[in-house]
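*Asks:* one predicted model, sequence on top.
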Amino acid sequence: MPHKEPPPVLRAEGLTKKYGRRTALSEVDLTVPAGRVIGLVGPNGAGKSTLLHLACGLIEPTSGSLRVLGSAPAAGPSHLARVGFVAQDTPVYGSFTVADHLRMGAKLNPGWDRALAERRVAQAGLNPAQRAGGLSGGQRAQLALTIAAAKRPDLLIFDEPAAALDPLARAGFLRNLLESAAELGAAAVLSSHLLGDIERVCDHLVVLCASRVQVAGDVRDVLAAHRRLIAPRGGLVRPPAGVEIVQAESAGEHDTAVVRGDAVPPEPYRVEPVSLEDIVLAYMTRASGTTGEGPR
Ligand SMILES: Nc1ncnc2c1ncn2[C@@H]1O[C@H](COP(=O)(O)OP(=O)(O)OP(=O)(O)O)[C@@H](O)[C@H]1O
């Protein structure tokens with residue numbers, strides 16, 4: 001029998017969400033393949049939480065469509081069980097103990113993996129008798145991740161879960177996140193402002209700015225498709241054939257630009273590799289409309 005490809009984790013077509021007159025997502029087309037750890041990056045107000053809330057079925061699109069694991073978001077109890085969500089402020093019940101949270105998780109989720117939950121709690125160094133209200137931010141995030149993972153979902157969704165954590169707590173959380181996704185064989189979507197975190201744990205990138213997807217793809221493909229082009233001043237006013245300028249600026253004798261495309265222009269152009277951070281910043285700068293003076 002031919003091997004059947006799993007459906008994309010997320011597939012958006014013309015996805016638009018408006019809050020009153022404010023557009024949070026505008027005509028987003030996006031396909032995220034299965035089996036990835038996906039980094040969703042973008043500045044404040046870019047629409048990241050909106051996209052993740054749509055994926056969890058917490059809100060409805062204004063127009064367009066979104067499929068999650070091949071179905072409408074939150075299509076029914078069995079689909080809800082396939083998605084684990086950790087919201088932005090990693091909410092927990094302050095007066096409940098860690099053990100109470102696990103008991104509640106077991107009652108509410110038919111596929112609850114008690115052994116996994118207890119092992120993760122022990123690995124994170126959480127005391128089962130501790131009330132959640134007394135946990136540190138890092139411990140709370142670990143508890144929220146444990147509860148999401150013990151459902152044994154096919155997709156874990158995290159909305160900036162580590163933003164408020166110190167670097168050590170963040171590293172511990174991200175390690176736990178990766179281990180959980182690998183153990184479950186689940187995809188994970190992680191929104192973050194912290195490019196270093198995204199670079200460390202994600203193999204697929206979605207850059208969302210100004211309500212639109214600017215670039216998306218496997219990290220190694222995104223890196224391979226971009227480079228820095230350096231030209232004598234004025235040399236980028238008209239870019240060479242086969243090169244799309246993402247964002248350009250002039251400094252001293254030279255124009256430099258982050259560009260997309262395979263073409264390698266001849267002398268006097270020079271080409272250098274770019275980091276993921278360079279690429280993301282170039283798209284963010286372009287989308288913000290503050291591209292500086294640009295080459296002249
Ligand atoms: N419930 C709401 N009512 C009105 N406007 C909203 C609502 N939620 C989000 N918005 C607006 O939609 C836009 C996108 O917001 P969203 O929270 O999705 O962005 P974000 O990328 O997650 O931002 P951040 O990184 O600051 O969390 C913003 O302009 C925001 O003000």
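*Replies:* Sure thing, it's come through. Model, not experiment: these values are computed from the prediction. Residues are numbered from 1 along each chain as shown.
*Asks:* how many residues are close by the residue nearest to residue 123 when sequence neighbours are not counted?
*Replies:* Take residue 123 and drop its neighbours on the chain: the residue closest to it by C-beta to C-beta, 6 or more residues apart in numbering is residue 176, 7.3 Å away. Where you see a C-beta, it was placed from the backbone N, CA and C, and this is true even at glycine. For residue 176, the count of nearby residues is 18 (other C-beta atoms under 10 Å).
*Asks:* tell me, how many residues neighbour residue 118?
*Replies:* Counted with other C-beta under 10 Å, the neighbours of residue 118 add up to 15.
*Asks:* surely it is in a helix?
*Replies:* Yes - counting by DSSP: H, G, I helix; E, B strand; the rest coil, residue 118 is found in a helix.
*Asks:* report the contact partners of the spatially closest residue to it that is not a sequence neighbour.
*Replies:* Excluding the flanking residues, the one nearest residue 118 by C-beta to C-beta, 6+ apart is residue 102, at 7.1 Å. For residue 102, the contacting residues are 114, 117-118, 121, 128, 146-147, 150, by C-beta atoms under 8 Å, 6 or more residues apart in numbering.
*Asks:* coming back round to it: so the residue nearest to residue 123: helix, strand or coil?
*Replies:* Residue 176 - assigned by three-state DSSP - is helix.
*Asks:* now do it against residue 31, distance only.
*Replies:* Distance, residue 176 to residue 31, by C-beta to C-beta, to the nearest Å: 28 Å.
*Asks:* ok, residue 148 next?
*Replies:* Plainly put, residue 148 is 24 Å away from residue 31 if you go by C-beta to C-beta.
*Asks:* and for residue 54?
*Replies:* Distance of residue 54 to residue 31, computed by C-beta to C-beta: 15 Å.
*Asks:* repeat that for residue 181.
*Replies:* From residue 181 to residue 31 the distance is 20 Å (C-beta to C-beta).
*Asks:* do the same with residue 174
*Replies:* Going from residue 174 to residue 31 by C-beta to C-beta gives 25 Å.
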